[in-house]
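K.L.:
What shape does this take:
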Amino acid sequence: MPGVMNDSLCQQVGTPRRGVPPGCTWTPQQGVPTKVELPPFRPGCRSSGVLLHVTSLPSPYGVGDVGPAAYAWVDRLHDAGQRWWQALPLGPTGCGNSPYSCLSSFAGNSLLVSPELLIEDGLLSPRDCEIGRSLPKRTVDFEAVTVFKHRLLDQAWRNFDASAGLELRDDFERFCSEQAHWLEDYALFRALKARLRGACVLDWPEELIRRDASALARARHDLADEINESRFGQFLVSRQGERLKNYAHYRGVFLIGDLPFFVSLDSSDVWANPECFQLDANLRPRFVAGVPPDYFSANGQLWGNPVYDWEVLRRSGYRWCIDRLKSLLAHVDLVRLDHFRAFCAAWHVPPTAKTAEPGHWVPGPGAAFFEAVQAELGHLPFIAEDLGIITPDVVALRDEFELPGIRVFQFGFDGNPANPHLPHNCGPNTVAYTGTHDNNTIRGWFESLPEQVRQAARNYVGKAGAGGGEVVWDFIQSVWSSKAGLAIAPLQDVLNLGVEGRMNVPGIANGNWRWRCTEEMLKPSLLERLRDLTISTGRVVGRTSERQTQAALH
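P.N.:
Numbering: from 1, shown residues only. Predicted coordinates for the structure are as follows:
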């Protein structure tokens with residue numbers, strides 16, 4: 001049964017501003033505006049979705065992208081009765097290919113550009129893309145994919161520069177003008193980084209690190225074509241991403257994005273805005289970010305990101321932070337605020353430390369930040385990732401602004417029946433997960449548990465003696481049956497995969513983020529099972545929405 005929706009908290013969705021994909025028709029019935037429930041989730045709000053990073057989609061070109069495979073995935077979500085698609089951060093990745101360590105908070109990852117859509121736009125030929133079909137199907141070979149996609153974008157830029165139509169050229173110029181507040185610095189940053197063979201920004205010549213005006217002017221002159229090509233790549237990512245968002249809305253599916261709390265030291269964010277961060281006279285971090293020892297790591301996690309100068313940001317009205325949020329919200333409907341507890345206090349570690357253990361807590365911006373965001377946006381379309389060491393002030397901040405917190409089934413079995421992660425303890429204004437991108441798959445988790453804990457998990461779902469492959473769907477059902485306003489499972493759990501489906505192991509620098517699904521894995525029977533579960537637990541809104549649409553038409 002669909003929840004009661006407050007109009008002031010609902011995203012209105014209408015006719016797409018750009019065309020729907022080839023083979024799809026926009027009909028009046030499908031064009032009737034619909035609503036999606038946004039936080040806070042009130043009692044009775046019930047929906048569900050699937051967590052799947054874009055790179056994991058089964059595109060034929062070595063990495064998932066925002067082209068036909070993404071549209072097909074949206075169709076599958078729609079047919080399975082799912083309202084939400086959650087992805088990981090979509091920025092251009094740096095060291096380790098982690099989506100949580102991006103070269104910019106504003107830019108998109110050019111690896112996500114669809115070759116098929118470039119062919120449709122006349123910017124590439126099918127022959128240009130053929131070599132990409134030989135890339136691995138089950139994992140992402142980031143090195144090979146990067147070479148392939150950059151070659152395609154080089155060719156697309158040459159073709160655009162030589163023969164682009166007036167409409168496409170006008171769209172490009174408009175994009176560059178509207179996004180100039182971040183795009184100019186980012187395009188120059190990427191051109192310089194390429195010229196300097198990928199060197200970290202702190203290893204650049206001193207005059208470039210300190211942004212000497214005459215040095216930057218020379219670089220803009222000498223690297224003009226590279227800068228324009230970088231702008232063009234961002235135009236393509238944005239254009240294709242906007243088209244995908246519109247299509248998702250057309251199918252009644254809405255998008256959850258992910259905003260890392262910290263930014264990478266080696267990023268255009270820090271290079272262009274050093275005043276926003278705690279840096280020394282040589283522009284090196286005075287402290288770096290991490291977390292103390294926790295569930296994931298006995299030594300804590302040493303992330304190495306620079307930490308913010310919140311006083312400088314406060315005096316600006318948090319302008320840079322708000323612009324960062326607005327940039328993401330142009331492409332998604334709801335934002336998962338990673339590491340929410342840092343808005344209360346963050347763990348600052350000396351830059352010379354070998355582990356995160358010798359850090360200390362430093363206050364964050366607190367309520368003042370969310371008041372500024374609410375004044376600018378008019379609402380707070382956020383999910384608070386409130387995992388880790390959560391103190392009463394974090395809970396108070398989350399609840400003051402009625403932000404839904406996160407509950408993870410795998411964290412529920414410590415022997416305490418009041419554990420908030422157990423599904424029966426989830427309140428309406430929560431998002432309940434079987435697991436996250438940082439967890440093992442639920443099957444891999446279950447099979448790795450000590451027998452006593454494994455038996456407790458079996459008993460919880462009433463399946464004493466069952467094996468890992470037998471109980472995964474019972475775990476999903478338990479989460480779907482909770483009172484949480486939103487229930488989400490990673491696709492790997494829907495597919496009943498073991499440890500081979502794990503996306504990330506926190507604290508391990510290499511080998512993460514590579515998992516992909518294939519077309520063969522996406523069996524219709526599994527998606528039908530998900531739809532049946534979603535119907536039986538009252539989380540399908542599609543049938544009611546269709547009746548409302550028909551009523552609106554008549």
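K.L.:
and residue 89, which of the three is it?
P.N.:
coil (DSSP: H, G, I helix; E, B strand; the rest coil).
K.L.:
out of everything not next to it in sequence, what's closest to residue 137?
P.N.:
residue 518 (5.6 Å; C-beta to C-beta, 6 or more residues apart in numbering). Backbone N, C-alpha and C define where each C-beta goes, glycine included.
K.L.:
List the contacts of that neighbour.
P.N.:
Counting by C-beta atoms under 8 Å, 6 or more residues apart in numbering, residue 518 touches 58, 137, 138.
K.L.:
from memory the last one sits against residue 520, does it?
P.N.:
What it means is residue 138. No - using C-beta atoms under 8 Å, residue 138 is not in contact with residue 520, being 10.0 Å away.
K.L.:
Give me the more crowded residue out of the two.
P.N.:
residue 138 (12 against 8; other C-beta atoms under 10 Å).
K.L.:
still on that earlier bit, and which of the contacts of residue 518 is nearest residue 253?
P.N.:
Nearest to residue 253 among the contacts of residue 518, counting by C-beta to C-beta, is residue 58 at 17.6 Å.
K.L.:
And for that closest one, the neighbour number?
P.N.:
17.
K.L.:
can I assume residue 257 sits in a helix?
P.N.:
No - with three-state DSSP as the criterion, residue 257 is located in strand rather than a helix.
K.L.:
Distance-wise, check it relative to residue 335.
P.N.:
5 Å (C-beta to C-beta, to the nearest Å).
K.L.:
How about residue 492?
P.N.:
Taken as C-beta to C-beta, the span from residue 492 to residue 335 is 23 Å.
K.L.:
Look at the two and report which has more neighbours.
P.N.:
Taking other C-beta under 10 Å, residue 492 and residue 335 do not tie; residue 492 has more neighbours (31 against 18).
K.L.:
on that earlier part again, what sits in contact with each of residue 257 and residue 335?
P.N.:
Joint contacts of residue 257 and residue 335 (C-beta under 8 Å, 6+ apart) are 328, 329.
K.L.:
Poorly predicted segments of this structure, please.
P.N.:
1-35, 295-296, 541-554 (pLDDT under 70).
K.L.:
longest single helix anywhere in it?
P.N.:
helix 224-250 (DSSP state H).
K.L.:
What segments of this structure are strands?
P.N.:
10-13, 34-37, 47-51, 84-86, 254-259, 288-291, 301-306, 334-337, 345-349, 360-363, 382-384, 405-408, 430-433, 486-490 (DSSP state E).
K.L.:
Turn the ones you listed into CSV, including distance to residue 238.
P.N.:
Shown next, in CSV, are these (distance: least, C-beta to C-beta, whole Å):
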stretch, distance to residue 238
strand 10-13, 19
strand 34-37, 22
strand 47-51, 23
strand 84-86, 18
strand 254-259, 14
strand 288-291, 28
strand 301-306, 25
strand 334-337, 17
strand 345-349, 31
strand 360-363, 35
strand 382-384, 22
strand 405-408, 29
strand 430-433, 27
strand 486-490, 26
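K.L.:
So which of these is nearest residue 208?
P.N.:
strand 301-306 (18.1 Å).
K.L.:
Okay, now the sheet partners of that closest one, with direction.
P.N.:
Strand 301-306 pairs in its sheet with strand 288-291 (antiparallel), by DSSP bridges.
K.L.:
Distance from the partner strand to the middle of the chain?
P.N.:
21 Å (C-alpha atoms, centre = their mean, to the nearest Å).
K.L.:
neighbouring contacts of that strand?
P.N.:
Here strand 288-291 has contacts from 261-262, 265, 300-307, 339, 342, 346-351, 353, 356, 359, 388-389, using C-beta under 8 Å, 6+ apart.
K.L.:
List phi and psi for the residue nearest in space to the middle of the chain.
P.N.:
With the centre of the chain defined as its mean C-alpha position, the nearest residue by C-alpha atoms, centre = their mean is residue 88, 2.7 Å away. Per-residue torsions, residue 88: phi -90, psi 180 (degrees, to the nearest 10).
K.L.:
In this structure it contacts residue 436, no?
P.N.:
No - in this structure residue 88 lies outside contact range of residue 436 using C-beta under 8 Å: 9.9 Å.
K.L.:
Tell me who's in contact with residue 338.
P.N.:
89, 100, 258, 259, 260, 261, 385.
K.L.:
Now do the same contact list for the residue lying closest to residue 359 once chain neighbours are set aside.
P.N.:
Closest residue in space to residue 359, ignoring its immediate chain neighbours: residue 349 at 3.9 Å, by C-beta to C-beta, 6+ apart. Listed by C-beta under 8 Å, 6+ apart, the contact set of residue 349 reads 287, 288, 289, 290, 302, 356, 358, 359.
K.L.:
Serialize the residues you listed to CSV and add fields for neighbour count and distance to residue 480.
P.N.:
Shown next, in CSV, are those (neighbours: other C-beta atoms under 10 Å; distance: C-beta to C-beta, whole Å):
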residue, neighbour count, distance to residue 480
287, 21, 42
288, 24, 40
289, 25, 35
290, 25, 35
302, 21, 37
356, 23, 36
358, 14, 43
359, 21, 38
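K.L.:
Among the residues you listed, which pair sits farthest apart?
P.N.:
Among these, 289 and 358 lie farthest apart (C-beta to C-beta), at 13.6 Å.
K.L.:
okay, now residue 255: neighbour count?
P.N.:
Neighbour tally, residue 255, other C-beta under 10 Å: 21.
K.L.:
Which parts of the stretch 301-450 of the chain are helices?
P.N.:
310-315, 319-329, 367-377, 392-400, 442-448 (DSSP state H, counting those that start in this stretch).
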